[in-house]
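In: structure here, sequence nowhere to be found:
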Ligand SMILES: NS(=O)(=O)c1c(F)c(F)c(S(=O)(=O)CCO)c(N[C@H]2CCc3ccccc32)c1F
Ligand SMILES: [Zn+2]
C-alpha cells in the first residue's frame, strides 16, 4: 500500500490519489454542531462485554507509524447494537506538546486535546476486520474525547510503556487491564452518525459513536503521548516525530447527527 502521512507531499490533501474513497462522501471526522443534532429516543445505552481484562492476559502495544495502538482480544464486543461488533484494536489521535488540540471530532468547533478510538467489526456478518473494513455495515468505532486535567490511572496502564515503542513497527507486550476504565462513566449519552475511517483507505464503513462526556489525562500524561513517539523507524537517520495525527474536519453535507440525550 502507498505511504501516507498527515502533512507534506503524502499529506491528507493527496490521499485521494491513491485512496479514492478519501475524496468521497460520508467522510469523518466532522464538527458535531448543535444545528445538526436530532434526539433519537431509540438510541440505547452502549453496552460493552468483556472489557475488564485480567492482568494475566497479554496485549500488544504498538507504534504503527500513524498512531499508538493496542490490539484487543475478540471476546471484547459491543452487545447493544443490531449486530454484534467485536473489538479489534484501539488507538489515539493527538496534537503536539505546544498544541494540546488534536482530537478528530469537534463539538461546536471545540477541539479537544486528543481522542481515543476503539475499533470494532460486525462479527455477525464478517469473519474478520479485513473482510468488514470496506462494507457499509462493517465497522463500529467508539470515540472518546480527551481533555488535559486530572491524572488518569487507567491510561497509565499503557502510557508507562510508550518509551518501549518510540519508533515505527516497535511493539511490546503489556498486561491486560480494564479497558472499560478508559471510557467515560456514562455510556448512555453519545452522538451517532454514519461516517468513515479517518485514515486511508477512508472507507465509508463506520457507525460512529462519540461519547458526550470527555475523559481527562494529566498534562504529564498528555506530553508522554505527544512527545515520546516517532513515525520513522529506529534506524532512520532523521527521526520524524509522531504528533498532530488527526485528520482535518470533513463536510457533514446533509448528514444528521443523532443524539441519545435531551439537553
Ligand atoms: N480513526 S480510525 O478508527 O478510522 C483508524 C485510524 F485512525 C487508524 F490510524 C487505524 S490504524 O490501523 O492504526 C493505521 C491505519 O490503518 C485504524 N485501523 C483500522 C483501519 C483498517 C484496519 C484493519 C485492521 C485493524 C484495524 C484497522 C483506524 F480504523
Ligand atoms: Zn482513529
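Out: All right, it came through fine. This structure is a prediction, so every number in the text was calculated from the model and none was measured. Residues are numbered from 1 along each chain as shown. Ligands and ions are numbered 1, 2, ... in the order given.
In: residue numbers of the stretch 51-200 of the chain in contact with ligand 1?
Out: Contact residues (Cβ under 6 Å from any ligand atom) of the stretch 51-200 of the chain with ligand 1: 64, 66-67, 69, 88-89, 91, 117, 119, 129, 133, 141, 197-199. To be clear about C-beta, it is placed using only N, CA and C from the backbone, and glycine gets the same treatment.
In: let me know the closest of those residues to residue 102.
Out: Nearest to residue 102 among these, counting by Cβ to Cβ, is residue 67 at 11.0 Å.
In: contact partners for residue 201?
Out: 19, 21, 22, 133, 134 (Cβ atoms under 8 Å, 6 or more residues apart in numbering).
In: I misspoke; the intended subject was residue 88.
Out: Residue 88 makes contact with 71, 72, 119, 120, 121, 129, according to Cβ under 8 Å, 6+ apart.
In: nearest to residue 206 among these?
Out: Comparing the contacts of residue 88 against residue 206 with Cβ to Cβ places residue 119 closest, at 8.6 Å.
In: with adjacent residues omitted, what lies nearest to the closest one?
Out: Closest residue to residue 119 apart from its sequence neighbours, by Cβ to Cβ, 6 or more residues apart in numbering: residue 88 at 4.9 Å.
In: what do you get for residue 233?
Out: Residue 233 sits nearest to residue 168 (Cβ to Cβ, 6+ apart), 4.9 Å away.
In: how much space separates the one you found from ligand 1?
Out: 11 Å (Cβ to the nearest ligand atom, to the nearest Å).
In: pull the number of nearby residues for that residue.
Out: 20 (other Cβ atoms under 10 Å).
In: count the neighbours of residue 124 for me.
Out: 12.
In: so it sits in a helix?
Out: No: per DSSP: H, G, I helix; E, B strand; the rest coil, residue 124 lies outside any helix segment and is coil.
In: what about the helices in the stretch 151-263 of the chain?
Out: Remark: helices assigned in the stretch 151-263 of the chain by DSSP state H, counting those that start in this stretch are 153-159, 219-227.
In: now for the longest one, which elements pack on it?
Out: What that stands for is helix 219-227. strand 85-94, strand 114-122, helix 153-159 (3 or more Cβ pairs under 8 Å, 6 or more residues apart in numbering; DSSP states H and E).
In: so what touches that helix?
Out: 68, 92, 94-97, 100, 102, 113-114, 148, 151-152, 155-156, 159, 162, 217, 241, 243.
In: about what we covered before: neighbour-wise, which one of the contacts of residue 201 leads?
Out: Neighbour counts for those, by other Cβ under 10 Å, peak at residue 22, which reaches 24 neighbours.
In: in three-state terms, label it for me.
Out: Under three-state DSSP, residue 22 falls in the helix class.
In: give me phi/psi at residue 10?
Out: The phi/psi pair for residue 10 (degrees, to the nearest 10) reads phi -110, psi 20.
In: per-residue confidence for it?
Out: Looking at residue 10, its pLDDT stands at 96.
In: for the remainder of this discussion, apply numbering that starts at 796.
Out: Right, with 796 as the first residue, what we last looked at is residue 805.
In: distance of it relative to residue 814?
Out: Distance, residue 805 to residue 814, by Cβ to Cβ, to the nearest Å: 11 Å.
In: next one: residue 896
Out: 26 Å.
In: go on, residue 852?
Out: Relative to residue 814, residue 852 is positioned 34 Å away (Cβ to Cβ).
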